[in-house]
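Student: sequence and computational prediction follow.
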Amino acid sequence: MKPLIALWLGIFSLYLLSCQNAGSQKHVVTDSTPSPRISFCRLLDSLPMVDRAASSHLTGLRDVTGNEMLLSFPQWAGHMAVAGVYVRNPGFTVVYIYASEGDGAEYLAAYDTTGQLLSAQVMGENRSASTNSTKTFVSSTTVFRNDSIIEVRTTKDSTDLNDHPIIATSGKLRLLKIGRDGQIAYLPTETRSFAEYLASFPKRKFPIEIKAAPVTSGLPPLSGQTPFMDYRDYITAYTLRFYQFASLKADHNFYMAIYANDEMREARRLFHAGSLLIVYSREGRETDRTTLYGGASQAMYENEVTSASIQANGTVRIKDKESSLIFEQHTENEHYTDIYRDYTLRVNKKGKLEGEINNFKVNCDFLYPGRFRKQLLFMKRSGDIGNTGAEQICWLPFKSRVGLLFHFFVDFQNTFGELLLVDKNLVVTDRLLLHNGLKTESLKSMFWKKVPKDVFLAENMNPLITLNKPMAIAVNGQSLLVTPQGKFVAPE
């Protein structure tokens, strides 16, 4: 009986030992293991787990700067580095490493139970390059989906060094997979043709109208391996949730793909559930895009497409609303500018969406009777005085752009406010006096003839979408028109 008991105790001990190794994934160290390898195994066992839920992947990671045992990436030797365990699997441990090499880089490496390197992969890195006229910055971020899939999102911004606008942006997604054998590799990009890609969209009869966010249940989810989607506007969302909704052939041998999206969030912005249209060449190269429903909102700004219709030839009619906060630095009550647009778009011979604005209306809530005077008095009481200032309202999309802004002055004795229209060179083309409380004679020369450049954002509107008739604005409860020539006129 005793030999039988001893046998069962031995089996039970082996079982406990196997369970312990499977649970903790400690690395195997034997008498024959070289001393440096022992130290390396102990290092791996001592690394903290990556907190995937934290806002920063670096939270709680261990400083491994100068640790020569992490030889997977010799290029970051000598740079500051931190590391943590991404996942412990039976037979191997995956380590996440962030190094300060260049503008920052992220790595992933898998080691077996003896500390031998199984595989390694660069995940994301940030770098910049400049020419005489442009600067390009490439940045990558990683999103941890689960134990085996990591999204690597790469953004490329090109900036004009002369006047600093971003002239091109792209956002690409790649999927990195950790295999069961510890091999880390990017999943291959889909190789199907663009025609096959379009054929995979649900079939719909046109024309169609979109007056609400599409119901995404039952729609095919957009593959993260497709080469035909650029996520540039959404690349920072915590989760990318796009679906295939419809496709059609447009004028001039271009094609349209319509996508649906769920609500998506990022740190400072909310993307509303809605729909996106992208125009492609016959080879699958994107040429233009526009939102068909939904939009985005953040502090002090919101843009929302409220409806769209798409004809069988790709002609699109869209209605939207844009709201932005003004007087954000000196206000008692929040004041918003609301812009309402109704416009029609068509695909031109270059694959760009161009067209005309059918209706354009600006509503500034502080321009109602007494509100702007109250605003000026608040600024006076709060000590925000002694300087002339301006609040940009918007650019008006006439063929020759016209800017609209509020110009004001406040000190202990004087209050003053006017609406200005300016041309693209910021020369004043017309003015509308809202309130004149100037008592000091020397201040009466303050009426601007040209607006200082630093108080008005550069015009960056789409030149292919224009307004060809006067637009309406409500002032003191009455409607005024602004002409394409930059003049205030009363409606007929």
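Tutor: Thanks, I have it.

Student: name the nearest residue to residue 451, sequence neighbours excluded.
Tutor: With C-beta to C-beta, 6 or more residues apart in numbering as the criterion, residue 451 has its nearest non-adjacent residue at 4.3 Å, and that residue is residue 426. For every residue, glycine as well, the C-beta is placed using N, CA and C.

Student: please list all residues in contact with that neighbour.
Tutor: The neighbourhood of residue 426, defined by C-beta atoms under 8 Å, 6 or more residues apart in numbering, consists of 403, 450-453, 456.

Student: list only buried entries from those.
Tutor: Applying a neighbour-count criterion of 16 or more other C-beta atoms under 10 Å, the buried members of the contacts of residue 426 are 403, 451, 456.

Student: now the last one: how far from residue 433?
Tutor: With distances taken as C-beta to C-beta, to the nearest Å, residue 456 is found 20 Å from residue 433.

Student: residue 278 and residue 289 touch, don't they?
Tutor: Yes: the pair formed by residue 278 and residue 289 meets the contact definition of C-beta atoms under 8 Å, at 4.6 Å.

Student: what are the ranges of the strands in the stretch 351-492 of the chain?
Tutor: The residue ranges that make up the strands of the stretch 351-492 of the chain, judged by DSSP state E, counting those that start in this stretch, are 353-364, 388-396, 402-410, 415-422, 428-437, 465-466, 471-475, 478-482, 488-489.

Student: tell me which of those strands lies nearest to residue 198.
Tutor: If you check each of the strands of the stretch 351-492 of the chain against residue 198 by C-beta to C-beta, strand 353-364 wins as the nearest, at 18.3 Å.

Student: how about stretch 109-125: buried residues?
Tutor: 109-111, 113, 115, 118-121, 123-125.

Student: give me the mean pLDDT for that stretch.
Tutor: Per-residue pLDDT over stretch 109-125 has a mean of 87.

Student: what is the end-to-end distance of it?
Tutor: Stretch 109-125 has an end-to-end distance of 15 Å (criterion: C-alpha to C-alpha, to the nearest Å).

Student: helix or strand for residue 196, which one?
Tutor: Counting by DSSP states H and E, the element that carries residue 196 is helix 194-199.

Student: can you list the low-confidence ranges for the protein?
Tutor: Per-residue confidence for the chain (pLDDT under 70) gives these ranges: 1-38, 67-78, 101-103, 162-168, 327-333, 368-369, 382-388, 441-445, 458-460.

Student: give the contact list for residue 484.
Tutor: Each residue near residue 484 by C-beta under 8 Å, 6+ apart is listed here: 398-400, 402, 467-470.

Student: 7 Å - rerun?
Tutor: Residues touching residue 484, when contacts are defined by C-beta atoms under 7 Å, 6 or more residues apart in numbering, comprise 398-400.

Student: which of those tops the neighbour count?
Tutor: For these, the largest neighbour count, defined by other C-beta atoms under 10 Å, is 21 neighbours, found at residue 398.

Student: so what's that residue up against?
Tutor: Applying C-beta under 7 Å, 6+ apart, we find residue 398 in contact with 466-467, 484.

Student: likewise for residue 270?
Tutor: With contacts defined as C-beta under 7 Å, 6+ apart, residue 270 is in contact with 296-297.

Student: what about the residue lying closest to residue 139 once chain neighbours are set aside, neighbour count?
Tutor: When the adjacent residues along the chain are set aside, residue 139 lies closest to residue 126, with 4.6 Å between them (C-beta to C-beta, 6+ apart). Other residues near residue 126 come to 17 when the count uses other C-beta under 10 Å.

Student: can you check residue 204 too?
Tutor: Neighbours of residue 204 using other C-beta under 10 Å come to 13.

Student: surely it is in contact with residue 246?
Tutor: Yes: contact criterion C-beta atoms under 7 Å: residue 204 and residue 246 qualify, at 4.4 Å.

Student: separation between residue 340 and residue 305?
Tutor: If you go by C-beta to C-beta, the gap between residue 340 and residue 305 works out to 12 Å.

Student: what does residue 421 give?
Tutor: The separation that residue 421 has from residue 305, given C-beta to C-beta, amounts to 27 Å.

Student: kindly report the same for residue 256.
Tutor: Distance check for residue 256 against residue 305: by C-beta to C-beta, it reads 16 Å.

Student: any idea how the chain splits into domains?
Tutor: Using automatic domain parsing, the domain parsing of the chain gives 24-130+142-153+173-186, 366-492.

Student: so for residue 356, which of those sits nearest?
Tutor: When those are ranked by proximity to residue 356, the top entry is domain 366-492, at 6.0 Å, counting by C-beta to C-beta.

Student: look up how far residue 420 lies from the residue nearest to residue 451.
Tutor: In terms of C-beta to C-beta, residue 426 sits 10 Å off from residue 420.

Student: shared neighbours of those two, which are they?
Tutor: Jointly contacting residue 426 and residue 420 under the rule C-beta under 7 Å, 6+ apart are residue 451.

Student: where do the strands of the stretch 201-350 of the chain begin and end?
Tutor: Residue ranges of the strands in the stretch 201-350 of the chain, as given by DSSP E, counting those that start in this stretch, are 208-210, 242-249, 255-261, 264-265, 269-271, 274-280, 286-298, 301-310, 316-326, 335-347.

Student: dump those to a markdown table, plus distance to residue 148.
Tutor: A markdown table is the format used below for the strands of the stretch 201-350 of the chain (distance: least, C-beta to C-beta, whole Å):
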| stretch | distance to residue 148 |
| --- | --- |
| strand 208-210 | 36 |
| strand 242-249 | 22 |
| strand 255-261 | 25 |
| strand 264-265 | 23 |
| strand 269-271 | 27 |
| strand 274-280 | 29 |
| strand 286-298 | 30 |
| strand 301-310 | 37 |
| strand 316-326 | 40 |
| strand 335-347 | 41 |
